[in-house]
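Participant: Sequence and predicted structure are below.
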Amino acid sequence: MGENGTERERTVESREKETGDYIVRATAAGAQIRAFAVNAKELTERARQIHNSSPVVTAALGRLLAGGAMMGAMLKSENDMLTIQVKGDGPAGSLTVTADAKGNVKGYVREPQVVLPANSKGKLDVGGAVGRGVLSVIKDMGLKEPYIGQTELQTGEIAEDLTYYFAVSEQVPSSVGLGVLMDKDNTVKQAGGFILQLMPFAEEAVIGKLEKNLAEFSSVTKVLDDGCTPEEMLDKLLTGLDMEISDRMETKYYCGCSKERVERAIISIGRKEIEEMIADGKEIEVGCQFCNRKYWFSVEDLNGMLKRV
C-alpha cells in the first residue's frame, strides 16, 4: 500500500515537471467567444538552445511557436498537421513552425544569429528582423490537397500578422497576443500568448466588453512575468464574460525525425539525384533543420535506396 502510494506520488511529480508548458482552451459568453492561452517558456528556450538564436530571433520564433501551438490545438483530428511559414524581406529571412493537434511544436529560422538595435519602444525589434512579406498557413488534414491560406505580413511582429490572417483567410474576427521576454543572460524568461475568437452570433454587448478588456490588458509578457498562469491570463481577458475552461493540454518542442524518415525523403528526390550522390563515392550527411540532428548515409546505403526508387 505504502509503495503504491509513493509510486503514485512520483508519477504526479513527474507529470507536474513535464507540464511546465501547456495550452488552455476555453469558451465565454455562452460560447460566443472561444479562447486559447499558452505558456511556452520551456519550448521557446529549447528552440533557442537548438538554434543558438540571438534574442531578437528567439523572440520572433518564440512568438510563432506559441501561435502555432495554439493553432495546432484548434485542429479537429489528432492526425492533422499545421505549418506556418513567415517569409519576410528582413535579415532573419523565413521562419517555419510545424504543430500537431497533440501539443507538439517545432520550428526554425533561416538566419538565427541576427542582431538589431531596439525599436522605438525600447523592445526587441521583431518586425525589423522579419520585415515585409507573406504569411502562409498550410493545414494537412488527410485530404488529397492541403488547405493553404496566405496573407500579407502587416507588421512582422507575428501577433498582428496572425490576427490579420484569421480575419482575411478564415473570416474569423480574432485577437492574437504573443510575447517573449528574454533574461539578462539571453535565456528565455517568459513566453506565451493568447488567441480570442468571436463566433458569428456574438452580440454587440459581448464584443464591446471584450474590446474594453483588451484595451485594459497590459501585455502577455507582463502578465506572465507577474506569475499569472494561462488560466489567469484568460480570466483577465474575459472578465465579466462567464469564462468556462474546456480543457488543458501539455505542449512541448518535439521533433520526430529519424534515419528512416530521412531515408524516405532521399528516396523521394528521385533516381537521378541518388545516382549522382553514388557517383561522388562519398558518405553524405543530412541535417534536420528543426532539431539539428545529423544523419549519415554510406554509398552502400544509397545503393540500397536506389533499389527502392
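Facilitator: Perfect, thanks for sending it.
Participant: And the residue nearest the centre of the protein?
Facilitator: Nearest to the geometric centre of the chain sits Leu65, at 2.1 Å (C-alpha atoms, centre = their mean).
Participant: wait, isn't Glu231 in contact with Val24?
Facilitator: Yes. Using C-beta atoms under 8 Å as the test, Glu231 is close enough to Val24 to be in contact (5.5 Å). Backbone N, C-alpha and C define where each C-beta goes, glycine included.
Participant: where do the contact lists of those two overlap?
Facilitator: Jointly contacting Glu231 and Val24 under the rule C-beta atoms under 8 Å, 6 or more residues apart in numbering are 37, 245, 248.
Participant: quick one: which of the residues you listed has the most company?
Facilitator: Comparing those by number of neighbours (other C-beta atoms under 10 Å), Ala37 comes first, having 33 neighbours.
Participant: Tell me which helix or strand comes right after the biggest strand by length in the chain.
Facilitator: When the chain is parsed with DSSP state E, its longest strand is strand 188-198. For strand 188-198, the following helix or strand on the C-terminal side (DSSP states H and E) is helix 204-216.
Participant: Report the rounded mean pLDDT for that following helix.
Facilitator: The average pLDDT within helix 204-216 is 97.
Participant: Buried ones in that helix, by neighbour count?
Facilitator: For helix 204-216, the neighbour count (16 or more other C-beta atoms under 10 Å) marks 206, 209-210, 213 as buried.
Participant: in the stretch 201-309 of the chain, which spans are helices?
Facilitator: Along the stretch 201-309 of the chain, counting by DSSP state H, counting those that start in this stretch, helices occupy 204-216, 220-225, 230-237, 259-268, 271-280, 299-306.
Participant: I'd like these as a markdown table, with distance to Val97 appended.
Facilitator: Converted to a markdown table, those look like this (distance: least, C-beta to C-beta, whole Å):
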| stretch | distance to Val97 |
| --- | --- |
| helix 204-216 | 24 |
| helix 220-225 | 17 |
| helix 230-237 | 19 |
| helix 259-268 | 19 |
| helix 271-280 | 28 |
| helix 299-306 | 30 |
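Participant: Of those helices, which is nearest Ala73?
Facilitator: Nearest to Ala73, of all the helices of the stretch 201-309 of the chain, is helix 230-237, at 11.5 Å by C-beta to C-beta.
Participant: in the chain, what secondary structure element scores lowest on mean pLDDT?
Facilitator: Within the chain, no helix or strand scores below helix 2-18, which has a mean of 40 by mean pLDDT, DSSP states H and E.
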